[in-house]
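>>> Sequence and predicted structure, then a few things I'm wondering about:
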Amino acid sequence: MNVVDTMVIGAGHAGLAVSRCLTDRGIEHVVLERGRLAERWRSARWDSFRLLTPNWLTRLPGRVYDGPDPDGFMGSAELVGQLEAYAAGFAAPVLDRTPVTDVRPEADGYQVRTDTGGWRASNVVIATGYHSRALVPPFAAALPADIAQVTPAGYRSPERLPAGAVLVVGASASGVQIADELARAGREVIVAVGAHTRLPRRYRGRDMFWWLDRTGSLDRTRAEVPDARTDREPSLQLTGDDRAVDLAALRDRGVRLAGRFVDLHGGVARFADDLTDTVAAADIRMRRVLSTIDRYAGGLSGVPNEDPPRPVTVPRGPSRLDLGRAGIGAVVWATGSRPSYPWLAVPVLDTAGRLRHRRGVTEAPGLYAVGLRFQHRRRSTLIDGAGEDAAFLVDHIVTQRQATTGRQTVGC
């Protein structure tokens with residue numbers, strides 16, 4: 001049985017941020033990765049995927065973007081290359097292709113079992129991310145067998161879906177980006193619209209994330225954002241370029257819009273009569289954010305004026321759709337995701353299977369998590385937020401270690 005002070009499970013951007021902070025503090029640790037380093041960024045993104053955040057916001061402990069295009073948007077392959085270089089820069093102790101099969105408490109720590117052997121660790125940091133399990137509604141099982149169904153993690157390109165129209169369920173970032181790509185490829189597309197966050201890619205001469213960063217919006221905590229406490233704040237309707245993908249843009253490209261997909265029976269989909277209200281609520285939230293930006297911009301010189309985008313007007317969506325008659329060949333379930341911990345034998349999950357924690361510190365001594373949505377602040381959802389969360393957790397590990405051993409460490 002191998003022994004290590006701290007075990008990090010997951011070598012994505014969040015796990016690597018923790019590894020860097022542990023390295024800076026001189027704490028012995030190992031990072032276990034089920035596949036290759038940054039596996040989910042490699043294999044669970046579609047071909048044209050780009051980050052929604054500009055390159056300058058791709059910050060990690062000890063690293064800032066210094067490339068030629070700070071205002072551009074990385075694709076998956078470029079981000080993986082950046083993370084590989086980041087890990088190599090501090091010799092991150094990553095063991096790839098080592099899936100964890102069991103984590104359970106024992107005296108003075110935890111036993112971690114993998115396909116290749118076992119470990120004992122005083123501390124375990126779960127860094128497997130937020131997107132382990134797609135949230136697909138139960139009635140998806142009633143979809144006719146001749147209609148393909150995929151989640152964003154399984155979607156790759158329009159050409160790799162069967163012929164026919166496509167029903168995209170969900171109108172947050174993944175849903176609208178995929179719907180836009182399908183429409184531009186000449187596919188007939190219907191989007192079942194749920195709650196979403198509408199914001200322009202650029203406003204008053206700056207990228208939206210520049211404003212969110214400068215106005216402090218990304219630093220709002222879970223306590224300050226009610227939707228965050230229930231993990232329901234939807235991602236922004238943006239894409240990694242200046243192309244608009246909100247519902248107005250999709251509508252103008254010929255995409256048909258419907259309300260929430262609420263049921264499926266006998267090959268007939270039923271939609272809620274809530275499309276108008278959902279769109280209006282998103283517009284109200286957008287105007288609230290843009291008003292905050294306008295107040296902040298009033299104290300800056302040289303910032304151009306700009307009218308906010310017009311409210312989206314949509315026709316009343318259909319209440320029912322016979323999928324066969326509509327020629328639906330595929331359904332894309334862009335309905336969100338959740339973490340999944342089938343290997344965790346520690347009683348720290350709530351009834352929905354989510355970790356109970358405060359800023360990533362669970363109630364089980366020595367058990368932590370990083371990379372969760374709104375782990376503490378809004379920016380926790382972004383790559384940029386992993387550094388702050390990692391530093392906080394490593395500070396906690398160090399404080400507990402000092403209380404036990406009296407040894408002092410500095411760093412990160």
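Structure received. This structure is a prediction, so every number in the text was calculated from the model and none was measured.
>>> need the longest helix for the chain.
Scanning the chain for the longest helix, with DSSP state H as the assignment, gives helix 275-297.
>>> Give me the contacts around that helix.
With contacts defined as Cβ atoms under 8 Å, 6 or more residues apart in numbering, helix 275-297 is touched by 193-199, 203-204, 211-212, 214-215, 217, 247, 257-260, 303, 308-309, 311-312, 314, 316-317. Heads up, the C-betas are built off the backbone N, CA and C, glycines and all.
>>> ok, 7 Å please
The contact list for helix 275-297, computed with Cβ atoms under 7 Å, 6 or more residues apart in numbering, reads 193-199, 203-204, 211, 214-215, 247, 257-259, 303, 308, 311-312, 314, 316-317.
>>> One more: stretch 181-193?
Under Cβ under 7 Å, 6+ apart, the answer for stretch 181-193 is 48, 158, 165-169, 171, 175, 179, 247, 250, 253-261, 271, 275, 278.
>>> So which of those sit within strands?
165-169, 256-258, 261, 271 (DSSP state E).
>>> Buried residues in stretch 328-339, which are they?
By 16 or more other Cβ atoms under 10 Å, the buried positions in stretch 328-339 come out as 328-337, 339.
>>> So how do I select the buried members of the contacts of helix 275-297 in ChimeraX?
Applying 16+ other Cβ under 10 Å to these, the buried members can be selected in ChimeraX as follows:
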select :193,194,195,196,197,198,199,203,204,211,215,247,257,258,259,308,312,314,317
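>>> Filter the contacts of helix 275-297 down to the ones in helices?
Judged by DSSP H, the subset of these located in helices is 211, 214, 247.
>>> Just put those residues in TSV and tack on pLDDT and distance to residue 347.
Below are the ones in helices among the contacts of helix 275-297 laid out as TSV (pLDDT from 0 to 100; distance: Cβ to Cβ, whole Å):
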residue	pLDDT	distance to residue 347
211	97	42
214	96	42
247	96	43
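>>> which one among the residues you listed gets closest to residue 115?
Distances from residue 115 to the ones in helices among the contacts of helix 275-297, taken as Cβ to Cβ, are shortest for residue 247 (45.1 Å).
>>> so what's the closest residue to that closest one other than its chain neighbours up against?
For residue 247, ignoring the flanking residues on the chain, the nearest one in space by Cβ to Cβ, 6 or more residues apart in numbering is residue 312 at 5.0 Å. If you count contacts by Cβ under 7 Å, 6+ apart, residue 312 has them with 246-248, 279, 283.
>>> ditto for residue 234
Residue 234 makes contact with 172, 195-197, according to Cβ under 7 Å, 6+ apart.
>>> could you redo those residues as JSON lines and give each row distance to residue 355 and pLDDT?
What follows is the contacts of residue 234, written out as JSON lines (distance: Cβ to Cβ, whole Å; pLDDT from 0 to 100):
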{"residue": "172", "distance to residue 355": "22", "pLDDT": "94"}
{"residue": "195", "distance to residue 355": "23", "pLDDT": "92"}
{"residue": "196", "distance to residue 355": "26", "pLDDT": "93"}
{"residue": "197", "distance to residue 355": "24", "pLDDT": "92"}
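>>> which one of the ones in strands among the contacts of stretch 181-193 is nearest residue 122?
Nearest to residue 122 among the ones in strands among the contacts of stretch 181-193: residue 169, at 44.0 Å, using Cβ to Cβ.
>>> first to last residue in stretch 136-149, what's the distance?
For stretch 136-149, the first-to-last residue distance is 10 Å (Cα to Cα, to the nearest Å).
>>> so when I look at residue 18, I'm seeing a strand, right?
No - read with DSSP: H, G, I helix; E, B strand; the rest coil, residue 18 is helix and lies in no strand.
>>> Roughly how far does it sit from residue 344?
Using Cβ to Cβ, to the nearest Å, we find residue 18 at a distance of 17 Å from residue 344.
>>> Same question for residue 265.
Using Cβ to Cβ, one obtains 36 Å as the distance from residue 265 to residue 344.
>>> quick check: domain ranges of the chain?
Using automatic domain parsing, the domains assigned to the chain come out as 2-132+339-405, 135-333.
>>> with the buried residues of stretch 328-339 in mind, which one is nearest to residue 87?
Distance to residue 87, by Cβ to Cβ, is smallest for residue 339 among the buried residues of stretch 328-339, at 22.5 Å.
>>> mind listing what that closest one touches?
With Cβ under 7 Å, 6+ apart, residue 339 has these contacts: 128, 130, 132, 354.
>>> tell me which strands and helices the very next helix or strand once past the longest helix of the chain is in contact with?
Counting by DSSP states H and E, the next helix or strand C-terminal to helix 275-297 is strand 320-322. Counting contacts by 3 or more Cβ pairs under 7 Å, 6 or more residues apart in numbering; DSSP states H and E, strand 320-322 packs against strand 268-271.
>>> how far out from the middle of the chain is the strand it packs on?
28 Å (Cα atoms, centre = their mean, to the nearest Å).
>>> Would you give the sheet partners of it, along with the direction of each?
strand 261-265 (antiparallel), strand 320-322 (antiparallel) (DSSP bridges).
>>> what stretches of the protein score poorly on pLDDT?
By pLDDT under 70, the low-scoring segments of the chain are 226-233, 406-412.
>>> Report the separation between residue 153 and residue 114.
To residue 114, residue 153 is 23 Å away according to Cβ to Cβ.
>>> same question, residue 253
For residue 253, the distance to residue 114 equals 47 Å [Cβ to Cβ].
>>> Over to residue 23?
Distance, residue 23 to residue 114, by Cβ to Cβ: 22 Å.
>>> go on, residue 151?
According to Cβ to Cβ, residue 151 stands 27 Å off from residue 114.
>>> what does residue 335 give?
Distance of residue 335 to residue 114, given as Cβ to Cβ: 31 Å.
>>> what's the answer for residue 282, then?
44 Å.
>>> May I have the strands that pair with the helix or strand harbouring residue 4, each with its orientation?
Here residue 4, judged by DSSP H and E, is contained in strand 2-9. Paired with strand 2-9 in the same sheet, following DSSP bridges, are strand 29-32 (parallel), strand 117-126 (parallel).
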